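In: Need coordinates for the below:
(chains A and B)
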Number of protein chains: 2
Amino acid sequence: MRSAAAHRDESQAPDGEDALSALVLLLSEDLAACNRIIVARLGSRVELIPRLAEHILAAGGKRLRPLLTLAAARLCGASASAARHIELAACVELIHTATLLHDDVVDVSQRRRGLASANAVFGASASVLVGDFLFARAFQVMVEAGSLRVLQILADATATIVSGELVQLISQNDLDTPDSRYFDVVNGKTAALFAAACRIGAVAAGCEDGEVALADYGANLGISFQLVDDALDYAADEQKLGKTVGDDFREGKVTLPALIAYRRGAAWERRFWERTIGRSEQRDGDLEQARELLRAHDAIAATLDQAGVFADHARRALRVFPDTPLCRRLQDVAGYTVTRSR
Amino acid sequence: MRSAAAHRDESQAPDGEDALSALVLLLSEDLAACNRIIVARLGSRVELIPRLAEHILAAGGKRLRPLLTLAAARLCGASASAARHIELAACVELIHTATLLHDDVVDVSQRRRGLASANAVFGASASVLVGDFLFARAFQVMVEAGSLRVLQILADATATIVSGELVQLISQNDLDTPDSRYFDVVNGKTAALFAAACRIGAVAAGCEDGEVALADYGANLGISFQLVDDALDYAADEQKLGKTVGDDFREGKVTLPALIAYRRGAAWERRFWERTIGRSEQRDGDLEQARELLRAHDAIAATLDQAGVFADHARRALRVFPDTPLCRRLQDVAGYTVTRSR
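Out: Here you go, the predicted structure:
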């Protein structure tokens, strides 16, 4: 967490990572409680379960999804003494972690968050099974929380996430992927859980009116976030962001920046994309060439422009809530998803 | 289904597969409705989901687990017009199918039920994701059924199944596996879902009193069933049962027959097991040698004797129910699990 955010004048909109840091600061106690619950819920007689799960959890994701549940619940009036939204935020992170473990098996990824992936360290078998365990554990915690509505939202979200991952798998190497199918993938892999995370915050606070607005916020934030992620996969400064560049390219994943460059490209450029992404025949220098073509066709800027539109939608969805510091921080986070890349 | 069972005098206890056929016959309408629900619930815009799931479902398992739910519900007085126990029986089969898909990825299995496994036909990535989808879909159906008690039982069972599979993974090649750990695996991979399947039948019928007895029946039946399965993996007549022999041996899985032969064996025999299972160094003729050693030490008979003890426990658990044809068929099924191997 950056301490700068703590001293910032609240009326001044922070940008970049500061927006997220400011939200973390506002919710730091809830988030700490949520982290404690996650660790406690990983307990098992099978020692490999906490060991493998902590490998990925300790790698330090941004905890963005549980933060959304916590923020949504507070925005809807959940009290500091209420434990329910904190338990549910932990469920969201357990489900997210389960999907990451299975993703790394599906993509045969060796790295995750700058470290060796669980898949690389513990093997695919253990990653599949511990992922399953985290799914099951999340549902156990939800059952304890006793809300069929929450169970419905997160069971639906899980089915949507997995469907999105399957569409991505099927669309691999397919440069004729239409935008609608690309956005199905984005909705599945990111927006569905963002929307569900926000929505169950409202349910936990017993605020039916807030559900629709918060789901709308979460879904648009999620799309914006994923578009930026797809842009960063080609455009990031590796040194600065600790992010590897070119994973999607190497895996033959068809994302918006590549689709734009492919469609705008001359015949020889399309042949380049057909070889490198369409047939996964790659050689030294191809990634640099791909990045050059994206620059030439403003594909990154076009992707980020679209991300900006969804971020605006997300911000507008929050207008039904009073203009509190928390509400403003959530609006800033929508900006963060875009500005983190510029 | 074998029609012989239909003409059998009900007072005469059937043996072998007839017991299962007789149960299927008694519940044929419920089972047909359950199969229709399973197919309907696999529907998705992502065409790969029903295609892959039907590959494994159509391979024709015995539907033993959903049968248990249906039978338990009827034993507890569920009416023919009630749909709830049938929906829940479908959930049990969805969860079971999900675990089979993931098992085949974990074991890198090429065959399942005598056919190429989904893992071999569609690849590990699709198997992982469609397995996840089936888990999610099962939970969606349970949420619709509206019982937190059922959700709790099946979420707990899922966590136990996965823990058991993880213990099995960790214990691979370990000939010092104590019996207690072996039975943890058996409980996880089989008994937990058998018990849960029976238990939710009672819950669906609104019969709290039946829950404990039926869970007891299911757990003991499941252990008996798995012990027989582990014996058959060494002793089956491949021609007769359509089952491959030696899978556990080849995969270095430590099961009771091998543990018994290892512990009872002379020094040279223990070295044989340490090489073949302990270090997975196998060559032509090793499986035949292993089977010979099991015969020499009565390891199959000892395993089946234990299976018989659990089958007796299962039968006794049903004594609290009136002596109806259905109750007798369930008791016969406990016999089936043992006699199918002799």
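In: how about the residue nearest to A:Ala191 when sequence neighbours are not counted, what does it touch?
Out: Counting by C-beta to C-beta, 6 or more residues apart in numbering or on different chains, A:Gly222 is the residue found nearest to A:Ala191 once chain neighbours are left out, at 3.2 Å. All C-beta spots, glycine's among them, are computed from the backbone N, C-alpha and C. Each residue near A:Gly222 by C-beta atoms under 8 Å, 6 or more residues apart in numbering or on different chains is listed here: A:Val186, A:Asn187, A:Thr190, A:Ala191, A:Ala192, A:Leu193, A:Phe194, A:Ala195.
In: go with 6 Å
Out: Contacts for A:Gly222 were tallied using C-beta atoms under 6 Å, 6 or more residues apart in numbering or on different chains; they are A:Thr190, A:Ala191, A:Phe194.
In: Check what pLDDT the last one gets.
Out: Think A:Phe194. The model reports A:Phe194 with a pLDDT of 98.
In: returning to what we had before: most neighbours, which of the contacts of A:Gly222?
Out: Highest neighbour count within those: A:Phe194, with 28 neighbours (other C-beta atoms under 10 Å in any protein chain shown).
In: who touches the helix or strand hosting it?
Out: Here A:Phe194, judged by DSSP states H and E, is contained in helix A:192-204. With contact meaning C-beta under 6 Å, 6+ apart, helix A:192-204 is reached by A:65, A:68-69, A:72-73, A:76, A:84-85, A:88, A:92, A:149-150, A:153-154, A:157, A:160-161, A:210-211, A:214-215, A:217-219, A:221-222.
In: Give me the mean pLDDT for the following helix or strand past that helix.
Out: Next helix or strand after helix A:192-204 toward the C-terminus (DSSP H and E): helix A:208-235. Across helix A:208-235, the average pLDDT comes to 95.
In: for helix A:208-235, which positions count as buried?
Out: A:210-211, A:213-235 (16 or more other C-beta atoms under 10 Å in any protein chain shown).
In: What ranges in the stretch 101-250 of chain A fall below the confidence cut-off?
Out: Across the stretch 101-250 of chain A, the ranges flagged by pLDDT under 70 are A:113, A:238-243.
In: So which bits of it are right by chain B?
Out: A:102, A:105-106, A:125, A:128-129, A:132-133, A:136-137, A:139-140, A:143, A:148, A:151-152, A:155, A:158-159, A:162-163, A:165-167, A:169 (C-beta under 6 Å from any C-beta of the partner chain).
In: Filter these down to the ones in helices?
Out: Among those, DSSP state H puts A:102, A:105-106, A:125, A:128-129, A:132-133, A:136-137, A:139-140, A:143, A:148, A:151-152, A:155, A:158-159, A:162-163, A:165-167, A:169 in helices.
In: Now the buried members of those.
Out: The neighbour count (16+ other C-beta under 10 Å) marks A:102, A:105-106, A:125, A:128-129, A:132-133, A:136-137, A:139-140, A:143, A:148, A:151-152, A:155, A:158-159, A:162-163, A:165-167, A:169 as buried among those.
In: where exactly do the helices run in the stretch 1-150 of chain A?
Out: A:17-26, A:28-41, A:48-58, A:64-75, A:84-106, A:118-122, A:124-145, A:148-171 (DSSP state H, counting those that start in this stretch).
In: I'd assumed A:Ala314 was in a helix, is it?
Out: Yes: under DSSP: H, G, I helix; E, B strand; the rest coil, A:Ala314 sits within a helix.
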